[in-house]
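*Asks:* Show me the folded form of this:
(2 chains)
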Amino acid sequence: MPTIVVEVMPKAELLDPQGKAVAGALHRLGKSEFTAVRIGKRFELTVDGPVSDDLLADVRALAENLLSNTVIEDVISVHMLDIETIPAGGTH
Amino acid sequence: MRIGVITFPGSLDDRDAQRAIRIAGAKPVALWHGEHDLMGVDAIVLPGGFSYGDYLRCGAIAARSPIMSEVIDAAHSGMPVLGICNGFQILVEAHLLPGGLVRNDHGDFICRDQRLRVESTSTAWTNGFELGHEIIVPLKNGEGGFIADRDTLNRLEDNDQVVFRYLGVNPNGSAHDIAGIANEAGNVVGLMPHPEHAAEEGFGPDTPVAMRSGTDGLIVFTSAIAALQTI
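*Replies:* Numbers count the residues shown, from 1 in each chain, chains lettered A, B, ... in the order given. Predicted structure coming up:
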């Protein structure tokens, strides 16, 4: 079944304490090449039937109005899952 | 005088809010998030807790629950509405108050008796305080950092919409030490600290006078009763 992916990130200018904690863990593991970590959200919306342009427009609106709070987050991407096939182990 | 307290799945402090309302002299009315009925109440409290397990964002799902359409209409028509902690988060998610609340800057949950300064007495929930009154109210949150863009912060400051400010310690990294705000009309107030936990001697925060003797929070509820009596 078709799946629509919505990706949301905390606004760049806001402190991301969760990401900061992970960055601290990486540093303690000796992975000092990573200078920062930010953590966002990925939603996968499964659709029963074809995805029309209207439906995609609906999802874009929902991404702004429900799935994210634009005061504190940005919608990074709204896209179909099948156009995003990254081969396992492949470079990106 | 009837003041409704809405219970959402995951609300924790609804019973405490009801008790504070009763001590203040009004009749608490239990309201359920899944109804479209405010039961004829004169004011509304959105209590603290972890509605919907804080899933998605704190308060985000509760802000879209059935009863909130009636709450939003009532708020726009001037009914006093108070959001405490998670209730504050619900009010910003429902766009009844500006700004947002994010994870505490230090990353930890914090629970402490917090000193606050009352910065506005022109709201439905603070008219019984003296301006500049320093009070002690318990605070307990993980995502209580108030943020807003510069224009919104300036507007809040200029329009007398900053209602409570943290004193001594800023416990969560809130912009401008903001602990609570009001809408432009002053009938909707949200704050992170818990006035309902400072409403009865023996169960309140410690004060210089005696342990657990603090009742500063009660004035929030008596203020609303006074505001309703003048209408």
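
*Asks:* Who are the contact partners of residue 66?
*Replies:* No chain was given, so I picked chain A. B:56, B:60, B:64 (C-beta atoms under 8 Å, 6 or more residues apart in numbering or on different chains). Every C-beta, even on glycine, is put in place using the N, C-alpha and C of the backbone.

*Asks:* you looked at the wrong chain, it should be chain B
*Replies:* B:Pro66 is in contact with B:33-36, counting by C-beta under 8 Å, 6+ apart.

*Asks:* one more time with 10 Å, if that's ok
*Replies:* B:32-37 (C-beta atoms under 10 Å, 6 or more residues apart in numbering or on different chains).

*Asks:* So which of those residues belong to strands?
*Replies:* B:Trp32 (DSSP state E).

*Asks:* which among the contacts of B:Pro66 end up buried?
*Replies:* Buried subset of the contacts of B:Pro66 (neighbour count, 16 or more other C-beta atoms under 10 Å in any protein chain shown): B:His33.

*Asks:* tell me which of the contacts of B:Pro66 is nearest to chain A?
*Replies:* Among the contacts of B:Pro66, B:His33 lies closest to chain A (C-beta to the nearest C-beta), at 16.8 Å.

*Asks:* That closest one touches B:Met68, doesn't it?
*Replies:* Yes - B:His33 is within contact range of B:Met68, at 7.8 Å (criterion: C-beta atoms under 10 Å).

*Asks:* low-scoring pLDDT stretches of chain A, where are they?
*Replies:* Applying pLDDT under 70 to chain A flags the ranges A:83-92.

*Asks:* Pull up the residues of it that are close to chain B.
*Replies:* A:8, A:10-11, A:13-18, A:20-21, A:24, A:41, A:43, A:65-73 (C-beta under 10 Å from any C-beta of the partner chain).

*Asks:* Out of the contacts of A:Leu66, who's the most crowded?
*Replies:* Neighbour counts for the contacts of A:Leu66, by other C-beta atoms under 10 Å in any protein chain shown, peak at B:Ala60, which reaches 21 neighbours.

*Asks:* Please list all residues in contact with it.
*Replies:* By C-beta under 10 Å, 6+ apart, the neighbours of B:Ala60 are A:66-69, B:51-52, B:54, B:89-90, B:92-94.

*Asks:* Check it and give its pLDDT.
*Replies:* Looking at B:Ala60, its pLDDT reads 97.

*Asks:* Leaving out the residues flanking it, which one is nearest to the residue at minimal distance from the centre of chain B?
*Replies:* Compute the mean C-alpha point of chain B, and by C-alpha atoms, centre = their mean the closest residue is B:Ile84, 2.9 Å away. Leaving aside its sequence neighbours, B:Ile84 sits nearest to B:Gly48 (C-beta to C-beta, 6 or more residues apart in numbering or on different chains; 4.9 Å).

*Asks:* Also B:Gly53?
*Replies:* B:Gly10 (5.8 Å).

*Asks:* Secondary structure added to the contacts of A:Leu66, as JSON lines?
*Replies:* Written out in JSON lines, the entries for the contacts of A:Leu66 read as follows (DSSP: H, G, I helix; E, B strand; the rest coil):
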{"residue": "B:Leu56", "secondary structure": "coil"}
{"residue": "B:Ala60", "secondary structure": "coil"}
{"residue": "B:Arg64", "secondary structure": "helix"}
